[in-house]
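A.B. asks: give the three-dimensional model of this entry:
(chains A, B and C)
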Amino acid sequence: MRFRPEQHIRRPGEFRTVREQGRRFDCGAFTLWHRRREGAVDRPRVGVVASTASVGAAVQRNRAKRRLRELFRQHQDLLPAGTDLVLVARAAVNRLDYPALAAKFADACRRLSSTPHA
RNA sequence: GGCCUGGUCGUUGCUCCGAGUUCUUUGAUCCCAAGGCGCGGGUAACGCCGCGCCCGAUAAAAUUCGGAGAGGAAAGUCCGGACACCACAGGGCAGGACGCUGCGCCAGCCAAAAGGCGAGCGCAGGCGCCGUGUUUCAAGGCACGGCGACGGACAGUGUCACAGAAAACAGACCGCCCGGUUCGACUCGCCGCAAGGCGGCUCGCUCAGGGUCAGGGUGAAAAGGUGGGGUAAGAGCCCACCGCGUCCCGCGCGAGCGGGACGGCACGAUAAACCCCGUUCGGUGCAAGGCAAAAUAGGCGGCUGGGCGGCCCGUCCAACAGCCGCGGGUAUGCCGCAGCCUGCUUCACCCGCGCAAGCGGAGUACACAGGCCGGGUCCGUCGCAAGAUGGACCCGAGAGAAAUGACGACCGAAUCCCGCGCGAGCGGGAGGAACAGAAUCCGGCUUACCGGCCCCAAAGCUAA
RNA sequence: GUCCCCAUCGUCUAGCCCGGUCCAGGACACCACCCUUUCACGGUGAGAACCGGGGUUCGAAUCCCCGUGGGGACG
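C.D. replies: Modelled structure (predicted):
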C-alpha cells in the first residue's frame, strides 16, 4: 500500500480544521485527531506533527514523523474514505517498539470506524 | 598529529533522474481560461464554431525496470568569501574589525603585468611572563618545558577601592640628626653667714628653626636593585656589578641582539578604559532577487521628485520624467537550485526583411557530445603503514508540514559474568553501537561525540 | 532558513554604558516575633540572587571570548 503525495496534509488551515472540528483519541505515545470530509470518496489523508518541546532535536523529530507515517501507510485500509488524520507525536514514540505502536494505531482506527462522525 | 564514522541479506516504502508500456488530455511556466494568422459563421460581446495554413520547448498521469540519495561535525551562526538587489558603490565623518618578525599555505578577490589583499593555518625566530633544574648571599645568568588579543602609556584625558605616613610633574606626618633658646636634673667652680645668685660640663624635656628621606606593621603596586665606601644622620652623594635612558659601533632581510661611551635615575600600572598610529570594511541578505496571457494602449486614473538604507557632501536619473494601479482566486507556480566549461540545439526578448502569419541573425533551458574537476570499484607502481600516484569503467543528493526510511534476520566492537590456563590467552553466555539530519553555495573557527586504523616521540618490558 | 535581542533573590526589577563605595539595593511574596479573643490590616526582624566556563585586570554583576537557555522579526 503506497503513500501518495496528495495524501499529505500540508496547509495550516487544513490542520486547524481537523483539530477544531474533529475528534481526538489518546493513544499513549501519540495523539490522533480525525475528521470525515462530507461526501469525499478519495483516500484518507494524514498530517504529522512533532514539536521540539515534546519529542526533542531534529533527529528524534524526523524519526518520530517517519514512524507515524509508516503506521498510516500500512494501516490506511482500516480507515473510511475521505478521512483526515492529524498525528501528534509524544516523546514515547521513539521508545516503544513498532508492534506496540501498530496495535495502538489499529485499535484507534477500529474505534473511529465504529463511531461515525456527525 | 593524520585518516575513517559498523557490515551483509530479505520484505516493503519516499524523493529525484533515465528508459519502456498504457491511457487520456493534446496548445503548455497555477486555476477560472483559450497557440498564431486568414476566410466564413455565430454572439449583447469575446478567447465560441467550421475550414485552411503556419509554428511549437521535447508536457501531464499510472505502471514496470534500472540508477542515485545526509555529516565530520550537516550543529552553533562566531568570522571570511561567492552570488543577488540597492547605482558593479564616489569623497568625508561616524562606526566596526584586525595588530611582534620572516617565509610558506589557504575559499577566493583586485591588477594589463609585476605584484597586492585575504577569515585563518603551518614552520622558523624575537621579546615578555610562568614553572623546573643548575649556579649564586642576592639580583642576574644558563638549559629545558609551557603560555602570550604581543602596535603605542615622554599625543592627550580618566581611574587606581580598602589598608597605609604617603598612590603619581611626589613629598605633608612619625622617626633620625644638627646647632640655638627657655625650663628641669646632676655635678664642678666662684660669690654670700644664710636663703640664694653667676658661670661652665653632661643628660632630659618643651618650644621655634634647619638637615634628611635610609626606616615606618600597609598594599596588586612605595619612585632603581645588591654590596661597599661615605656622613652629624643620611641620600646615585661616590664606587663595583646589574637594570634604565641617550648616542656611537658591529651583527641580522627583520622583530631585535651584542659591545662601548655618556647620563646619574628624569621613565608606576591600566589601551579586553576613552584614545592615538597603521591596515582594512558601502548596506541588506536566497524569506536576497527574477519571471508568470493578449487586445483596446504612443490609453485612462492617482502621486511629486526619486535613488545612492547611519550622517553630510557630491553625484546620477529626470521633469513630454519616474513610480503605482487598471477582473477574481491561491501563504500560487516556476526560476534562483545542484560540479564547472565549451560546442550543438533555440520559447521569450532584441535586430533586419515581410501587409500579416512568418523567415533570417543573435540568444537563455532540457537533452546530447567533448574536456576538466571530484568520488567509487578494479588493476599496476611506490611506501613499514595509514596512504600516494597512473590507467580503465561507473557515478555527480536537491526536499519544500520538508525525501534519503520502516520492519525483520545474521555477523558484530566496548563492557560484564562463568570455566580452563603459571601466563599471553582460549571457550561459553549476557550485551548490543557515540554525537547527531542537508535547506543558496564555498572556506575557516568553535562546540558535541562511541570507537577503530596509522605515523612520530618518550618511558618500561622482552629478544639479540 | 536568515537576522536580531535578552538572562540578577520565589516573582517583578535597580545597578552594567564609564570596573572598587555591592559578601549586590527596592517592591511583592515566604518565615519568625509583636499587636488582636481570633483572622485581616499594621509594626519589628530574618533568610533568599549576578545562566555556565575561560581570559584581561591588583580587583569583574559590569570589559572580552566560548558555550547554555529563553524571546522576537522577516513570506
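A.B. asks: so which residues on chain A come close to RNA strand B?
C.D. replies: Counting by C-beta under 7 Å from any atom of the strand, chain A comes close to RNA strand B at A:1-5, A:8-12, A:15, A:47-49, A:57-59, A:62-63, A:65-67, A:70, A:73, A:97-99. (Each C-beta comes from the backbone N, C-alpha and C, glycine too.)
A.B. asks: how much space between the residue nearest to A:Phe15 when sequence neighbours are not counted and A:Asp84?
C.D. replies: Distance criterion C-beta to C-beta, 6 or more residues apart in numbering; nearest residue to A:Phe15, sequence neighbours excluded, is A:Gly47 at 5.6 Å. Going from A:Gly47 to A:Asp84 by C-beta to C-beta, to the nearest Å gives 8 Å.
A.B. asks: need the overlap of contacts for the two.
C.D. replies: A:Ile9, A:Glu14, A:Val18 (C-beta atoms under 8 Å, 6 or more residues apart in numbering).
A.B. asks: distance from the helix or strand harbouring the last one to the middle of the chain?
C.D. replies: By that I understand A:Val18. If you go by DSSP states H and E, A:Val18 is part of helix A:12-21. The chain centre lies 13 Å from the centre of helix A:12-21; the measure is C-alpha atoms, centre = their mean, to the nearest Å.
A.B. asks: show me the contact partners of it.
C.D. replies: A:Ile9, A:Trp33, A:His34, A:Arg35, A:Gly47, A:Val49, A:Asp84, A:Leu85, A:Val86.
A.B. asks: out of those, who's the most crowded?
C.D. replies: Compared across the contacts of helix A:12-21, A:Leu85 has the highest neighbour count, 27 neighbours, by other C-beta atoms under 10 Å.
A.B. asks: does the residue most central in space within chain A sit in a helix, a strand or a coil?
C.D. replies: In chain A, the residue lying closest to the centroid (C-alpha atoms, centre = their mean) is A:Leu87, at 3.4 Å. What DSSP: H, G, I helix; E, B strand; the rest coil gives for A:Leu87 is strand.
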